[in-house]
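In: quick one, structure for this:
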Amino acid sequence: AARADEARRAVKEAGLDSYVDIRCENALTTSLDDATVVYLYLVPRGLRLVAPRLLGRRRRVVSYMAPIPGLRWTDRRTCSPGHQPGAAWPLYAYDITEETRLSEPPAS
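Out: The predicted structure is shown next:
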């Protein structure tokens, strides 16, 4: 929740608060219907469970630390958090379209 508050402040300072809604919610139960961008920080099992919920509409998805099983990422980069300047943690970006399908069935 603290990181979400930090992100909300940054969005407001950038003058984008009328365009961006930062939420810190359960990805398995929250509505993703209106989401155009989704950021996920989940263990691989959680990513596998949420993957089907990301399909069906155009959106950009970013996953931190682990790729989403069954989806092909379009970009992979690393980031170094301020509190760990020598670290290089992976970020995976996905461009989901209405036609995107999982390449393997999600395991429960």
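
In: could you measure from the residue of the chain positioned farthest from its centre over to Ala27?
Out: Distance from the C-alpha centroid of the chain peaks at Gly86, with 23.3 Å (CA atoms, centre = their mean). Computed as CB to CB, to the nearest Å, the Gly86 to Ala27 distance reads 30 Å. From N, CA and C alone the C-beta is placed, and that goes for glycine too.

In: returning to that earlier point: could you report the separation of the residue farthest from the centre of the chain from Thr78?
Out: Taking CB to CB, one finds Gly86 at 11 Å from Thr78.

In: then Gly15?
Out: 28 Å.

In: got it, and Leu91?
Out: Remark: distance between Leu91 and Thr78 (CB to CB) = 7 Å.

In: more neighbours, those two?
Out: Just comparing Leu91 and Thr78: by other CB atoms under 10 Å the higher neighbour count belongs to Leu91, 15 against 9.

In: spit out the contact partners of Leu40.
Out: Leu40 makes contacts with Ala27, Gly46, Leu47, Val50, Val61, Val62, Ser63, Tyr64, Ile68, as judged by CB atoms under 8 Å, 6 or more residues apart in numbering.
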